[in-house]
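Enquirer: below: sequence and its predicted model.
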Amino acid sequence: MIREIYITQTNCITPLGFDVQSNIDAIVRGDSGIQLHQDASLMPIPFYGSVINTEKIESAFAKISTETKYSRLEKMMILALEPIIKNSGVELNSKTAFILSTTKGNVTALQNTSEESFNNAHLDVLAKNVSDFFGFKTQPIVISNACVSGILAVSIAKRMIQSELYNNIFIVAGDEVSEFVLSGFNTFQAMSDLPCKPYSKNRTGVSLGEATAAILVSAEATNAKIKVIGDSSINDANHISGPSRTGEGLFRSIQNALKEAQIEVDKIDYISAHGTATPFNDEMEAIALNRLGLQNVPINSLKGFYGHTLGASGLLETVIAIESANQNMLFESKGFDEIGVSESINIIEKNEEKNIDFFLKTASGFGGCNTAVVFEKMK
């Protein structure tokens, strides 16, 4: 018999708050973490982004540790993980794994030319530093697959537990707004000159953001918030930075996830989509959803609240979507005003109550990667 898989603990660290409830409260109020920043150390010109106040990170971290050796991102990740490890009561033994998801990790370490800094930029070092803080007994697992990394970690954790390698897996995902990331997206001419507007006719590109999110995936149903019932990840190999024009990878990912979940498309009550506010991504998603008959399902992108948090986005948005389901509340797709994709999709324009039993989380990223996971609310 295939094991059932649950998410039993969640947390997140974002510009909107350092726990889940403060983030939900901010979303309900319509607050956005995206602000105009003028920081020459990050970018020579002003930019819109969602950046966490460093003093708040330092202050929060000082309450749980006096260690000074950790990077800013490591502190953010530890802050996301610490309460869920403490509250879970799960023993960190050989049947408990740790997965770290990120796109760029400690890339800021490369600003220093020393050998030690170069070493610290390696993703395995980042994972080991966070793992050692808590005393995990198993070797940390790193997932770095562009912007699907966070939600892909949920998929991989599910499969590892079903294979009986582990009983519990803690996941943390995170990325920072850095000079490296800003310069890269600016070179693509992909950054918006205003807060991003996913799926809108008036969108002009992405707003970048930073966050960490953490969850516990478990074979135990005790305190379960949600059940993970289907997943798939397909690479369409279309282009290094451009998605398939027909949405092929996303289409097949969703199709496979629904098949494993053994539910029809009309059972999906809500879609937490990727929605980066770039012309190609939003268009591709609309096409894929229409091909599957999901065009009438309520859909949102949380990028208008958080910006694009790269490898953290899929896990952060899953954490918020779990609250959406458990509170039977659809949250607005902030920044949306007028439909700007060729195929009709049902964008959530304002917060509204709706019974949510099943929801779908999707993500897509550079290199043609796509991931879809289907969740069921606990009765």
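Expert: Received, thanks. The structure displayed is predicted, hence computed values, not measured ones. Numbering: from 1, shown residues only.

Enquirer: do a quick rundown of the strands in the stretch 101-250 of the chain.
Expert: 141-143, 168-175, 208-209, 211-218, 226-235 (DSSP state E, counting those that start in this stretch).

Enquirer: winner for burial among the ones you listed?
Expert: Highest mean neighbour count of the strands of the stretch 101-250 of the chain: strand 208-209, a mean of 30 (counted as mean count of other Cβ atoms under 10 Å). From N, CA and C alone the C-beta is placed, and that goes for glycine too.

Enquirer: go through the strands of the stretch 101-250 of the chain and name the closest to Asp193.
Expert: Closest approach to Asp193 among the strands of the stretch 101-250 of the chain (Cβ to Cβ): strand 208-209, 13.0 Å.

Enquirer: I'd like the average pLDDT over that closest one.
Expert: When pLDDT is averaged along strand 208-209, the result is 98.

Enquirer: what packs against that strand?
Expert: strand 47-50, helix 179-187 (3 or more Cβ pairs under 8 Å, 6 or more residues apart in numbering; DSSP states H and E).

Enquirer: ok, for Asn120, nearest residue in space, not its chain neighbours?
Expert: Nearest non-adjacent residue to Asn120, counting by Cβ to Cβ, 6 or more residues apart in numbering: Ala109, 4.3 Å away.

Enquirer: export stretch 188-207 as CSV, just CAs?
Expert: Listed next in CSV are the C-alpha coordinates belonging to stretch 188-207 (Å, rounded to 0.1, in the frame of the first residue of the first chain):
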residue,chain,number,x,y,z
PHE,A,188,17.4,40.3,-19.7
GLN,A,189,15.4,43.6,-19.6
ALA,A,190,12.9,41.6,-17.5
MET,A,191,12.6,43.9,-14.5
SER,A,192,9.5,46.0,-14.1
ASP,A,193,9.8,49.7,-13.6
LEU,A,194,6.7,49.5,-11.2
PRO,A,195,5.5,46.8,-8.8
CYS,A,196,4.7,43.7,-11.0
LYS,A,197,1.3,43.0,-12.4
PRO,A,198,0.9,39.2,-13.1
TYR,A,199,-1.4,38.4,-16.1
SER,A,200,-2.2,42.1,-16.6
LYS,A,201,-2.2,43.8,-20.0
ASN,A,202,-0.2,46.5,-18.3
ARG,A,203,2.6,44.3,-16.9
THR,A,204,6.2,45.3,-17.7
GLY,A,205,8.2,42.4,-16.1
VAL,A,206,9.2,40.9,-12.8
SER,A,207,9.8,42.5,-9.4
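
Enquirer: name the residues of that stretch that are buried.
Expert: 190-192, 195-200, 203-207 (16 or more other Cβ atoms under 10 Å).

Enquirer: now distance to Ser241 too, for those residues, in a markdown table please.
Expert: Below are these laid out as a markdown table (distance: Cβ to Cβ, whole Å):
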| residue | distance to Ser241 |
| --- | --- |
| Ala190 | 9 |
| Met191 | 14 |
| Ser192 | 17 |
| Pro195 | 22 |
| Cys196 | 17 |
| Lys197 | 20 |
| Pro198 | 18 |
| Tyr199 | 20 |
| Ser200 | 21 |
| Arg203 | 17 |
| Thr204 | 17 |
| Gly205 | 13 |
| Val206 | 12 |
| Ser207 | 18 |
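
Enquirer: for these, which one is nearest Ser94?
Expert: Nearest member of the buried residues of stretch 188-207 to Ser94, counting by Cβ to Cβ, is Val206, at 41.1 Å.

Enquirer: show me what contacts the closest one?
Expert: Contact analysis of Val206 by Cβ atoms under 8 Å, 6 or more residues apart in numbering lists Phe185, Ala190, Met191, Ser192, Cys196, Thr276, Ala277, Thr278, Lys303, Gly307, His308.

Enquirer: 10 Å - rerun?
Expert: Taking Cβ atoms under 10 Å, 6 or more residues apart in numbering, we find Val206 in contact with 48-49, 185, 188, 190-192, 196, 198, 276-278, 281, 303, 307-308.

Enquirer: Pro46: neighbouring residues, count only.
Expert: 12 (other Cβ atoms under 10 Å).

Enquirer: I meant Glu283, not that one.
Expert: For Glu283, the neighbour count with other Cβ under 10 Å is 18.

Enquirer: check Arg159 too.
Expert: A count of neighbours around Arg159, defined by other Cβ under 10 Å, yields 12.

Enquirer: so how far is Leu258 from the closest residue to it other than its chain neighbours?
Expert: Distance criterion Cβ to Cβ, 6+ apart; nearest residue to Arg159, sequence neighbours excluded, is Asp231 at 7.7 Å. Here Asp231 is placed at a distance of 10 Å from Leu258 (Cβ to Cβ, to the nearest Å).
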